[in-house]
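# Mind folding the following:
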Amino acid sequence: MLGLDVVLWIENPLYGIGGIVGIVAYFIAYSISGDMIIAPRDFWRLSNWQVFKKKMGYSFSAYLIVTLVAAGALAAVFS
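Model (predicted):
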């Protein structure tokens, strides 16, 4: 995630700002992922590792989507 943000900064600073917005979205998505995507029975049925992987998958997808949208919007507006 940080490596992608570094590549975005090297490519264009506007893309890097979009990456920072994506990192913020990642932390927000991780904090609410327990209530949004994981059913209460998953805590009983799945192992802790599987619950963690589910939360990380949700958070990383939110990071990618927000990064791409924010970087594209910033590049479109300021270019």
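
# what's the closest residue to Phe43 other than its chain neighbours in contact with, if anything?
Once flanking residues are discounted, Phe43 sits nearest to Val51: 6.4 Å by CB to CB, 6 or more residues apart in numbering. From N, CA and C alone the C-beta is placed, and that goes for glycine too. Neighbouring residues of Val51 by CB atoms under 8 Å, 6 or more residues apart in numbering: Ile38, Asp42, Phe43.

# Now do the helix or strand in which Val51 is found, average pLDDT.
Following DSSP states H and E, one finds Val51 within helix 48-78. What helix 48-78 shows for mean pLDDT is 92.

# what does stretch 1-9 give?
89.

# 8 is where my numbering starts, stick with that
With 8 as the first residue, the last one maps to stretch 8-16.

# And the contacts of it?
Tyr22, Gly23, Gly25, Gly26, Ile27, Gly29, Ile30, Tyr33, Phe67, Tyr70, Thr74, Ala78.
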